[in-house]
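> how would this look folded up:
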Amino acid sequence: MPNSERDLVVINDAIQSIRSAVQSDGGDLELLSFENDIARIQLGGACAGCHMAGQTLGGIRRHLTEQLGRPVRVFPAWKD
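Prediction:
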């Protein structure tokens, strides 16, 4: 499996593991894209506009960096 495909599998698995915890607090998240080690994540539900959203994105960044073994940047994003 090429790295980019492997990366997407790892990232989607990581997002799904985090998503259940976020959903238990009334929020939601979705990976919109991953290119050049930049993940764009849409926060929804209780996460949208939450003052803790930055910490949530930081936790996602740390988790993805650990899972991929290299630095990853995470930004909030919205579907067009």
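
> helices or strands up against whichever helix in the chain runs longest?
The longest helix of the chain (DSSP state H) is helix 3-24. Packing partners of helix 3-24 (3 or more Cβ pairs under 8 Å, 6 or more residues apart in numbering; DSSP states H and E): strand 27-35, strand 38-45, helix 53-68. Every residue, glycine included, has its C-beta placed from N, CA and C.

> for it, list the C-alpha coordinates in CSV.
Only the C-alpha atoms of helix 3-24 are listed here, as CSV (Å, rounded to 0.1, in the frame of the first residue of the first chain):
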residue,chain,number,x,y,z
ASN,A,3,2.3,5.8,1.9
SER,A,4,-0.6,8.2,1.0
GLU,A,5,-3.1,5.3,1.1
ARG,A,6,-1.5,4.0,4.3
ASP,A,7,-1.6,7.4,5.8
LEU,A,8,-5.4,7.8,5.1
VAL,A,9,-6.1,4.4,6.7
VAL,A,10,-4.1,5.4,9.8
ILE,A,11,-5.7,8.8,10.0
ASN,A,12,-9.2,7.6,9.5
ASP,A,13,-8.7,4.9,12.2
ALA,A,14,-7.3,7.5,14.6
ILE,A,15,-10.2,9.9,13.8
GLN,A,16,-12.8,7.2,14.5
SER,A,17,-11.2,6.3,17.8
ILE,A,18,-11.3,10.0,18.9
ARG,A,19,-14.7,10.6,17.4
SER,A,20,-16.5,8.3,19.8
ALA,A,21,-15.2,10.2,22.8
VAL,A,22,-16.1,13.6,21.2
GLN,A,23,-19.6,12.3,20.3
SER,A,24,-20.2,11.2,23.9
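
> show me what that helix is in contact with.
1, 28-31, 34, 39, 41, 45, 47, 56, 59-60, 63-64, 67-68 (Cβ atoms under 8 Å, 6 or more residues apart in numbering).
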